Each structure stands twice: as C-alpha cells, then as structure tokens.
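> Test case, fold it:
(one chain, ligands or ions: 2)
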Amino acid sequence: MKLLVCGGAGFIGSNFVRLRMRDHGDAVTVLDKLTYAGREENLADVAEHDGFRFVRGGIEDAEAVADAIEGADAIVNFAAETHVDRSIAEPDAFIRTHAMGTFVLLEAARERGLRYVQVSTDEVYGSIEEGSFSEGSPLAPSSPYSASKAGADLLVGSYHHTFGLEALICRGSNNYGPYQYPEKLIPLMVLNALHGDPLPVYGDGMQVRNWIFVEDFARGIGHVLEHGAPGEAYNVGGPDEAANIHVVRRILELTGAAESLIEHVTDRPGHDRRYSLGSEKVRALGWEPQVRFGDGLERTVAWYRDTAWWWEPIRSGDYRAYYERQYGRALGGRLETLD
Ligand code: NAD
Ligand code: DAU
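Ligands and ions are numbered 1, 2, ... in the order given. This is a model prediction of the structure:
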C-alpha cells in the first residue's frame with residue numbers, strides 16, 4: 001500500500017511508519033509541520049529506505065497536502081496538537097489543526113476517492129467513574145484538546161455520511177513507549193527520575209489512565225485501515241489501567257531514584273479522573289494488544305536510559321522554558337549523558 005501519513009514525525013506516527021514499512025512493505029510519504037513535537041530524528045532509521053518520502057508542511061495547507069498526496073492509496077492522519085496542558089494555556093493551534101487541518105485532508109481524500117483513517121482519542125468521551133466507554137457512548141470532551149479532537153471526529157463522520165467517503169476513526173487510550181516527547185507523564189517522570197529532578201504529580205495522583213504500548217496502538221490502526229468498515233469508529237484500548245501515583249512509584253523503582261523526589265503540585269484545571277476503553281469491536285476484527293503494562297514500562301525506561309542522543313537536545317533547548325512556565329521551577333542542570 002502507498003500511504004500518506006500526516007503527523008508521521010511525532011511519537012505514534014513515527015512508530016506507525018516504522019511498523020508499516022518494516023512489516024508490511026508499505027511505501028510512505030510523511031507530511032508533517034515539524035512543530036516542537038515533530039522531529040525528523042524520530043524517522044532516522046526509515047528515512048533511507050526506498051519508498052519513503054518526507055514533505056514538511058501543515059495539514060491545513062492545501063498546496064502542501066496536494067504535493068504530499070501524490071500516488072497515495074490511503075491517508076492516515078495523526079497530525080495534531082496533543083498535550084492537554086498546552087491546550088489549556090494556548091488553545092489556538094489546537095483549533096486550527098484539528099478543525100481546518102482535518103477539513104483540508106478530508107477534501108483532498110474526497111476529490112481523489114481515497115480511504116481515510118482519523119487517529120483520535122478516548123478523551124473525546126470525557127471521564128468515566130466505573131465501567132468502560134464503547135463506540136456508542138456520547139462524546140463529552142472536557143478540554144480544548146479533546147473538544148477539538150471530538151469536532152474533528154464529527155467532521156470525519158459527516159464526510160462518510162454525506163459524501164460516501166471511506167472514512168474510519170481509531171480512538172486510542174494513553175500511549176507510552178519510545179520517542180514520546182517528555183512533556184507527557186511517563187517520559188517526563190522517567191527523565192526527571194534519571195536526572196534526580198522532582199516528579200510533579202498533579203493533585204492526589206489517583207487519576208486513572210488506560211495504558212497501551214505504542215506498537216500495539218500502531219498495529220491497531222493498521223488493522224482498522226485494512227479491515228475496518230467505512231463510517232465506523234473503533235476503540236483501541238490498552239490491556240491495563242493504573243493510577244498515576246502507582247505509575248510514578250514504579251518508575252522510581254525501575255530507575256533506582258528516591259521516593260522523596262515525588263512532589264504533589266496544583267492539579268490540572270478540569271482534570272479528567274479516569275479513562276477506560278472497551279475495545280471488543282476491534283478485537284472482533286482480529287486485533288489484540290500484545291504488551292502488558294509492566295513489560296512495556298520496563299522497555300520504555302530502558303529505551304530512555306539508553307537513548308540520550310534523542311532527548312538531550314530536547315532537555316537543553318526551548319523545552320526548558322516550557323518546563324519552567326509549566327512547573328514554576330527550573331529543570332536540574334545535569335544534562336550530560338547518563339552513565
Ligand atoms: P505528537 O505530539 O507526538 O505528534 C504530533 C505530530 O503532528 C508531530 O509530528 C507534529 O509536528 C505534527 N503536527 C502538529 N500539527 C500539525 C499540522 N498542522 N500539520 C502537520 N503536522 C502537524 O502526538 P502523538 O502522541 O504521536 O499523537 C498522534 C495522534 O494520536 C494525535 O492525533 C493524538 O490526538 C492521537 N492520540 C494520542 C494518544 C497519546 O497517548 N499520545 C492517545 C490516543 C490518541
Ligand atoms: O487518553 C489519551 C490521551 O492521553 C491523548 O489523547 C493525549 O494526546 C495524551 O497527551 C494523553 O493525555 P493525558 O492528559 O492523559 O496525558 P498526560 O501524559 O499529559 O497525563 C497523564 C496523567 O498524568 C494525567 O492524569 C495528568 C497526570 N500528570 C501529567 C503530567 C504531564 C501529572 O500528574 N503530572 C505531570 O507532570
């Protein structure tokens with residue numbers, strides 16, 4: 001298959017590109033704006049392969065899309081602003097990318113009759129105290145991030161309903177694994193623990209997330225691309241749930257860092273308490289998660305410990321200013337490669 005992968009230089013997108021080129025022999029064009037979260041380094045190992053092309057541009061830019069889409073059989077759209085805290089501080093880019101960007105891609109797919117997969121999130125359903133969300137649960141997003149993602153999902157549905165576009169939606173739970181930008185809980189805590197910096201836990205730390213190893217989600221998206229029914233949404237949730245404080249404590253054990261590094265900080269405004277996805281529909285198509293949280297977390301900690309070339313430029317650049325604004329304190333100074 002020839003795929004246009006939008007947002008393919010980010011965390012999940014780059015893992016998806018690697019999997020599709022390696023295991024399925026797909027040719028891939030990545031269209032990516034390279035925001036702070038998108039990095040060509042994430043694709044360093046596939047960039048030299050035949051069949052790979054990179055186009056720098058925004059999904060809201062119809063000319064860039066027209067260039068990148070040439071020869072594609074299908075579009076998979078990962079491109080998004082993805083950090084909830086940033087959407088609370090500065091929502092503008094979230095609305096532009098999720099609303100306008102998705103619209104431009106849908107128009108391009110419609111003109112060419114291409115199959116289209118929108119990568120979405122469990123956050124569109126909001127928070128759930130007990131039980132799990134199914135695809136039929138009402139959308140009740142809480143943050144500018146999740147509200148603009150829900151808007152994009154509705155637009156995707158409308159292009160199937162009105163124009164007959166072969167459009168599908170994949171809603172994932174919290175991903176973790178290699179190449180995740182260290183503003184998100186797990187990589188932030190791993191790197192801070194490795195550097196002896198404080199671990200900022202929001203509120204009581206009892207918020208629950210449904211963790212999925214990134215390669216499992218990438219496989220799930222590929223599965224929906226190949227076997228899903230047009231017009232349908234598929235939940236792709238991980239096999240395990242855990243409260244944040246338990247995740248953080250396990251990271252301390254795996255890194256050998258001290259419990260005293262944990263610091264309870266002011267909670268996120270509008271913080272969703274629990275996410276949980278029921279994924280029976282995609283399981284019925286033949287997909288299952290393969291990595292349990294315990295194993296995946298060990299692999300993830302090992303990857304960050306062994307891959308300093310990837311995170312050193314991040315921790316020494318603009319990210320330091322972001323971190324200071326977000327947590328009201330400077331990152332620790334020890335930036336040399338870890339022993
Ligand atoms: P990420 O922040 O690591 O990567 C996003 C990528 O999109 C970056 O490469 C960035 O440069 C690119 N991008 C942003 N705006 C763009 C634009 N206007 N045009 C082109 N490219 C643009 O994100 P991620 O965690 O890999 O998430 C990918 C997708 O998966 C998102 O749609 C997100 O909502 C969804 N998702 C993420 C998770 C998670 O836990 N990370 C879970 C479920 C769903
Ligand atoms: O559920 C899927 C979503 O998961 C994706 O759609 C989002 O793109 C992705 O960012 C993620 O959203 P969360 O808000 O759940 O992820 P985050 O890593 O920001 O936070 C996970 C939990 O940890 C959440 O309850 C907030 C908490 N947290 C986070 C940070 C960054 C802390 O306690 N301290 C922190 O410093």
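
> Every contact and neighbour count from this point should use C-alpha atoms.
Noted.

> I'd assumed residue 297 was in a helix, is it?
Yes. Residue 297: assigned to a helix according to DSSP: H, G, I helix; E, B strand; the rest coil.

> Can you pull the residues of the chain lying near ligand 1?
7-13, 32-35, 37-38, 57-60, 78-82, 97, 119-121, 172-175, 180 (CA under 6 Å from any ligand atom).

> Do you have the helices of the chain handy? List them.
Along the chain, the stretches classed as helices by DSSP state H are 11-24, 62-68, 84-89, 92-95, 102-112, 144-163, 185-195, 214-227, 244-255, 280-284, 293-306, 308-316, 319-327.

> wait, which of these is closest to ligand 2?
Among those, the nearest to ligand 2 by CA to the nearest ligand atom is helix 185-195 (3.7 Å).

> what is the mean pLDDT for the closest one?
What helix 185-195 shows for mean pLDDT is 98.

> Residues contacting it, please?
With CA atoms under 8 Å, 6 or more residues apart in numbering as the contact definition, helix 185-195 has outside contacts at 176, 180-182, 198-200, 247-248, 251-252, 255, 257, 261, 301, 304-305, 332, 334-335, 338.

> Which members of those additionally contact ligand 2?
Counting by CA under 6 Å from any ligand atom, residue 200 from the contacts of helix 185-195 sit close to ligand 2.

> Filter the contacts of helix 185-195 down to just the buried residues.
Neighbour-count burial (16 or more other CA atoms under 10 Å) is assigned, among the contacts of helix 185-195, to 176, 180-182, 198-200, 247-248, 251-252, 255, 257, 301, 304-305.

> separation between residue 146 and residue 203?
Taking CA to CA, to the nearest Å as the measure, residue 146 falls 21 Å from residue 203.

> Compare these two and say which is more crowded by neighbours.
In this view residue 146 and residue 203 are compared by other CA atoms under 10 Å, and residue 146 has more residues nearby, 26 against 15.

> my guess is that one meets residue 123, correct?
Yes. Here residue 146 lies in contact with residue 123, judged by CA atoms under 8 Å, at a distance of 5.5 Å.

> For residue 264, give its distance to residue 129.
22 Å.

> quick one, which of these two is more surrounded?
The residue with more neighbours, out of residue 264 and residue 129, is residue 264; 15 against 11, by other CA under 10 Å.

> Please name the nearest non-neighbouring residue to the more buried one.
Distance criterion CA to CA, 6 or more residues apart in numbering; nearest residue to residue 264, sequence neighbours excluded, is residue 201 at 4.8 Å.

> Do I have it right that that neighbour meets residue 263?
Yes. Here residue 201 reaches residue 263: they are 6.0 Å apart, a contact under CA under 8 Å.

> So those two - more neighbours on which side?
Using other CA under 10 Å, the more surrounded residue of residue 201 and residue 263 is residue 201, with 19 against 13.

> Which pLDDT does the model give the residue of the chain positioned farthest from its centre?
Distance to the chain centre peaks in the chain at residue 260, reaching 30.0 Å (criterion: CA atoms, centre = their mean). For residue 260, the pLDDT comes out at 98.

> how far away is it from ligand 1?
Counting by CA to the nearest ligand atom, to the nearest Å, the separation of residue 260 from ligand 1 is 27 Å.

> ok, now how distant is residue 120 from residue 102?
As defined by CA to CA, residue 120 lies at a distance of 11 Å from residue 102.

> which parts of this structure sit against ligand 2?
Residues of the chain lying near ligand 2 (CA under 6 Å from any ligand atom): 82-84, 121-123, 173-174, 183-185, 200-202, 205, 207, 244.

> Give me the buried subset of those residues.
Taking 16+ other CA under 10 Å as the criterion, what is buried in those is 82, 84, 121-123, 173-174, 183-185, 200-202, 205, 207, 244.

> which ones among those residues are found in strands?
Residues of those located in strands (DSSP state E): 121, 174, 200, 201, 202.

> Looking at those residues, which two lie furthest apart in space?
Greatest spatial distance in those: 121 and 200, 24.1 Å, computed using CA to CA.

> for the closest residue to ligand 2 within the stretch 1-150 of the chain, what are its contacts?
Residue nearest to ligand 2 within the stretch 1-150 of the chain: residue 82 (3.9 Å; CA to the nearest ligand atom). Counting by CA under 8 Å, 6+ apart, residue 82 makes contact with residue 145.

> related to what we said a few turns ago, tell me the one of the buried ones among the residues of the chain next to ligand 2 nearest residue 167?
residue 121 (16.0 Å).

> What's opposite the closest one in the beta bridge?
Legend: beta-bridge partners of residue 121 under DSSP bridges are residue 172.

> show me the contacts for it.
Neighbouring residues of residue 121 by CA under 8 Å, 6+ apart: 146, 149, 170, 171, 172, 173.
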